[in-house]
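Visitor: The following block contains a protein sequence and its predicted model.
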Amino acid sequence: MIVVMYVVKVPNRGSPPAILLRESYREAGKVRNRTLANLSAWPEAKVDALTRVLKGQPPPAGPLDEASEITRSLPHGHVAAVLGTARQLGLEELIDPAPSRHRDLVTAMAVAQVIAPDSKLAIARGLREDTAATSLGELLGVGGCDEDDLYAAMDYLAARQEQIQDALAAKHLAGGTLVLYDVSSAAFEGRTCPLGAIGHPKDGVRGRLQIIYGLLTSKDGIPVAIEVFKGNTGGPTTVASQVEKLKDRFGLAKVVLVGDRGMLTAARLREDVAPASLDWVTALRAPQVKKLVRDGNLQLSLFDVQDLAEITSPDFPGERLIACMNPFLEAERARKRESLLAATEADLAKIAAACSRARRPLRGKDTIAVRADWVLNRRKVAKHFAVEITDDSIRYARNQDSIAAEAKLDGIYVLRTSVAASDLGSGEVVTSYKALAQVERAFRAFSTDLDIRPIRHRTEDRVRVHVFLRMLSYYLSWHLQARLAPILFTDDDKPAAQAARTSPVAPAGRSPRALAKAATKHAPGDFPVHSFATLLADLGTICLNQIQPADPALPGFRLVTTPTTLQRQAFELLGLTHRLGVA
């Protein structure tokens, strides 16, 4: 039986004609017609389109924006970059070799902190399917989570922190390596956590409860382990636990621990480091350097022809002392001292003016002395001033002899180490000590880029895991920035910069390539240069779009934004595709 469908207009007395969809067929030798639907309510364009289709003609041309619509668009490119790198690094397997929802949630938190540091509540909102801020929740299959799920995942991570750090140490710390260690602090929110205490703030936030955290990194600055201490813990007292990590847990055969002069004090070297048979590199304090000069063990004339010299002293038996002269540090110390002296003189002048004013002048030797002491000790330059105070006046002058004596040591610092010359040359010791700057950069990233503060957790375990999560995020950031360096302001030609240094003591300069990027704001290939944060924002404009055709009979589909030339370059540097997780 042959059936033919057609659209017909049927006259309707006193009203517009009815538009009917009919079919025609032959039955018992007769042609019969049957009405299938009344299309009178359809718009004319839709009726015309159906008529053309039934006649086998192409549909009429219409606006493209009516052919389909984008029902959802999720930022995706930065997720593909960070999550893809995490998988390349084997981060998921480091967290736990066995796949689980908890592992996926920990991975999601670590990745989210790189993209947009925020609270667990905000991260959960950004992962949930109905409030998703990126494609991360969908790619990891955690779109149904809430903040309670994230807290449960943190508790799961707390039980695995030691195993993860052991795995990182095995991966990045080989036997006989340099290990960098330093501490910092972070202001604490709330008053209920036992770790929160008033201490010496290293992050500049005064008068608030804080925590102390110590970071161990490889010689390249790759974070390996982190530990949280009570907020009033002194930095040197954290060394013992790090020594235990290196020798007992990590099982490293030979380690050189590098720490600053405030960390590896004489007591810590004697009581913690030496009994563990660890080698170390640190520096002398200013009074110890002055004593070397006074006793004749350090001759300043050495620096007339060289900027690096090994010396010995009976005060440090069995140790190597490496004296360094840095002219850039010399100029900086002279500038800073002059600035402090000038600021102190300005404050003393205010006190003198208060003593001589006509109305309610400042009187009393003790009262004037209290104000003067506060001014002199505020910037720690009291030794450089001669001050005479009476009941109604104050006179002051710079102590030029004291200033000149201090200026002789400007730019001079002395490193001390237990490492033999056959193991590390003098230049290598200097370079090793300067590598602590990489740890300090890591701390700055914790405090700013990864938003370690404010700490919004209340229990001791949650605070510790919060900081550990930030370390995992920084681990991702470190590798991302290393790989993306050619299109970042980061120096991506370190060998050229190192070759240009005239001495290990000289400050590290930037390579010609890095200087050219900074000057032109473009990388080779005419790519615009980014900071890491702005490059992630740029990659975030690559979206995962859900497309729904206007014809409800056609299925919806997903389409990823076509990358720009710069975005393609970024994914090529990472060895990834922008379509990560998209079929």
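Guide: Sure thing, it's come through. Numbering: from 1, shown residues only.
Visitor: and Lys576, helix, strand or coil?
Guide: Small correction: residue 576 is Leu, not Lys. Using DSSP: H, G, I helix; E, B strand; the rest coil, the structure places Leu576 in coil.
Visitor: Distance check, Ser581 against Leu140.
Guide: Heads up, residue 581 is Gly, not Ser. 9 Å (CB to CB, to the nearest Å). C-beta: built from backbone N, CA, C; applies to glycine.
Visitor: Looking at those two, which one has more neighbours?
Guide: Between Gly581 and Leu140, Leu140 has the larger neighbour count (other CB atoms under 10 Å), namely 21 against 18.
Visitor: Please list all residues in contact with the more buried one.
Guide: Contacts for Leu140 (CB atoms under 8 Å, 6 or more residues apart in numbering) come out as 83, 104-105, 107-108.
Visitor: what mean pLDDT does stretch 413-424 have?
Guide: Mean per-residue pLDDT for stretch 413-424: 80.
Visitor: residues shared between the contacts of Gly581 and Leu140?
Guide: Shared contacts of Gly581 and Leu140 (CB under 8 Å, 6+ apart): Leu83.
Visitor: Show me what the closest residue to Leu50 other than its chain neighbours is bridged to.
Guide: Counting by CB to CB, 6 or more residues apart in numbering, Leu50 lies nearest to Val7, which is 6.3 Å off, once chain neighbours are set aside. With DSSP bridges applied, Val7 shows beta-bridge pairing to Leu21.
Visitor: tally of neighbours for Val7?
Guide: Neighbour tally, Val7, other CB under 10 Å: 19.
Visitor: cool, and Leu180?
Guide: The number of residues near Leu180, taken as other CB under 10 Å, comes to 29.
Visitor: Find me the pLDDT at Leu269, would you?
Guide: pLDDT, Leu269: 85.
Visitor: likewise Thr71?
Guide: As predicted, Thr71 sits at a pLDDT of 88.
Visitor: what sits against the residue nearest to Leu50?
Guide: Applying CB under 8 Å, 6+ apart to Val7 gives the contacts 19-22, 39, 47, 50-51, 54.
Visitor: what's the lowest-pLDDT member of these?
Guide: Ranked by pLDDT, the contacts of Val7 bottom out at Leu54, which has 71.
Visitor: hang on, isn't it packed against Val8?
Guide: No - the pair Leu54 / Val8 is not scored as a contact, 10.9 Å apart, by CB atoms under 8 Å.
Visitor: nearest spatial neighbour of Ser218, skipping sequence neighbours?
Guide: Going by CB to CB, 6+ apart, Ser218 has His172 as its nearest residue, at 4.6 Å.
Visitor: quick revisit: buried subset of the contacts of Val7?
Guide: When the contacts of Val7 are checked for burial by 16 or more other CB atoms under 10 Å, the buried set is 19-21, 39, 47, 50-51.
Visitor: next SSE after the lowest-mean-pLDDT helix or strand in the chain?
Guide: Here the helix or strand of the chain ranked lowest by mean pLDDT, DSSP states H and E is helix 436-447, holding a mean of 65. Remark: after helix 436-447, the chain's next helix or strand is helix 460-484, criterion DSSP states H and E.
Visitor: could you point out which element follows that next one?
Guide: Proceeding N to C from helix 460-484, the next assigned helix or strand is helix 494-499, under DSSP H and E.
Visitor: So what touches that next one?
Guide: For helix 494-499, contacts defined as CB under 8 Å, 6+ apart pick out 491, 508-514.
Visitor: Of those residues, which one scores lowest on pLDDT?
Guide: Across the contacts of helix 494-499, the smallest pLDDT goes to Ala508, namely 72.
Visitor: how far away is Leu488 from Asp538?
Guide: 11 Å.
Visitor: Overlap of the contact sets of these two?
Guide: Common contacts of Leu488 and Asp538, defined by CB under 8 Å, 6+ apart, comprise His530.
Visitor: out of the two, which sits in the busier spot?
Guide: Set Leu488 next to Asp538 and count neighbours by other CB under 10 Å: Leu488 wins out with 23 against 18.
Visitor: My guess is the more buried one contacts Leu535. True?
Guide: Yes - counting by CB under 8 Å, Leu488 does reach Leu535; the two are 6.5 Å apart.
Visitor: Next, the contact list for Gly427, please.
Guide: Applying CB under 8 Å, 6+ apart to Gly427 gives the contacts 308, 503-504.
Visitor: so Leu139 touches Val79, yeah?
Guide: Yes - proximity of Leu139 to Val79 meets the contact threshold set by CB under 8 Å, at 6.5 Å.
Visitor: Looking at the two, which has the bigger crowd around it?
Guide: Val79 (29 against 23).
Visitor: which SS state does the more buried one fall under?
Guide: Applying three-state DSSP: Val79 is helix.
Visitor: ok, Leu83 - contacts?
Guide: Listed by CB under 8 Å, 6+ apart, the contact set of Leu83 reads 107, 111, 136, 139-140, 580-581.
Visitor: When you compare pLDDT across these, which one is lowest?
Guide: Gly581 (81).
Visitor: how about the nearest residue to that residue, chain neighbours excluded?
Guide: Nearest residue to Gly581 in three dimensions, chain neighbours excluded: Leu139, at 4.0 Å (CB to CB, 6+ apart).
Visitor: Find the helix or strand that that neighbour is a member of.
Guide: Using DSSP H and E, Leu139 falls in helix 136-140.
Visitor: next one: the helix or strand following that helix to chain centre, how far?
Guide: Downstream of helix 136-140, the next assigned helix or strand under DSSP H and E is helix 147-158. Distance, stretch centre to chain centre, for helix 147-158: 22 Å (CA atoms, centre = their mean, to the nearest Å).
Visitor: likewise stretch 344-362?
Guide: Averaged C-alpha coordinates place stretch 344-362 at 47 Å from its chain's average position (CA atoms, centre = their mean).
Visitor: Not counting its own residues, what contacts that stretch?
Guide: So stretch 344-362 is contacted by 363, 368, 371-372, 375-376, 378-379, 381, 385, 387, 392-396, 398 (CB under 8 Å, 6+ apart).
Visitor: and with 6 Å instead?
Guide: Outside stretch 344-362, the residues within contact range by CB atoms under 6 Å, 6 or more residues apart in numbering are 371, 375, 379, 381, 392-394, 396.
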